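A.B. asks: could you work out the structure for the sequence below:
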Amino acid sequence: MLECHGRIRDFARLACDVAASPEAPAAPARDAAGRVRRYFHEALPLHVADEELSILPRLQGRAPDLDRALDAMRGEHAEHAPDVERLVALCGAVEADPGRLAGLAGELGAVASRLSGLFEAHLDGEERLVFPAIGSLLDDAERGAVLAELRGRRR
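C.D. replies: So this is what the prediction gives:
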């Protein structure tokens, strides 16, 4: 899960970098925008499902502060969705036609920057409260089941 969080941070930064380079040559702009689009369109939804379908149900009801963190996590996922959808669309447009980057850079930069800030707060909260609970509150069988489910989503 921490590796996934690292990738979320990396791809959010890459989105900011794409937006900050409106005069980039076509091939690198297309490549970077495509990588960002694919990550947020394909991989991020799997990570959200991991947390909401595999982790949340197993931790819910174990401690009041943890329940608040889990509710916040779920709510933040929903709050991020419109910006993630817009980021995917903007990067898809640049991937399809890198010449559009100059005209889209302002909006892309605003969305990417906003998401970077939201993700940082969100990921920090999970890393401080939710992830330690996985190790301390779930037994080996439960952690094994979570891992099997995560792997299953990626097949």
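
A.B. asks: tell me which residues in the strand or helix carrying residue 114 are buried?
C.D. replies: If you go by DSSP states H and E, residue 114 is part of helix 101-125. Within helix 101-125, the residues scored as buried using 16 or more other C-beta atoms under 10 Å are 101, 104-105, 108-109, 111-112, 115-116, 118-119, 122-123. For every residue, glycine as well, the C-beta is placed using N, CA and C.

A.B. asks: now do the phi/psi pair for residue 44.
C.D. replies: Dihedral pair for residue 44: phi -60, psi -40, per degrees, to the nearest 10.

A.B. asks: contact partners for it?
C.D. replies: By C-beta atoms under 8 Å, 6 or more residues apart in numbering, residue 44 lies in contact with 8, 84.

A.B. asks: any idea how far it is from residue 77?
C.D. replies: Going from residue 44 to residue 77 by C-beta to C-beta, to the nearest Å gives 10 Å.

A.B. asks: please apply the same query to residue 9.
C.D. replies: Applying C-beta to C-beta, the value for residue 9 to residue 77 is 16 Å.

A.B. asks: who's more crowded, the two?
C.D. replies: Using other C-beta atoms under 10 Å, the more surrounded residue of residue 9 and residue 77 is residue 77, with 18 against 14.

A.B. asks: report the contact partners of the more buried one.
C.D. replies: Taking C-beta under 8 Å, 6+ apart, one finds 48, 51-52 in contact with residue 77.

A.B. asks: quick check on it: phi, psi?
C.D. replies: Taking degrees, to the nearest 10 as the convention, residue 77 sits at phi -60, psi -50.

A.B. asks: following the helix holding residue 114 in sequence, what is the next regular element?
C.D. replies: Per DSSP H and E, the first helix or strand lying C-terminal to helix 101-125 is helix 131-137.

A.B. asks: state the mean pLDDT of the next helix or strand along the chain from that following helix.
C.D. replies: Sequence-wise, the next helix or strand downstream of helix 131-137 (DSSP H and E) is helix 140-153. For helix 140-153, mean pLDDT is 98.
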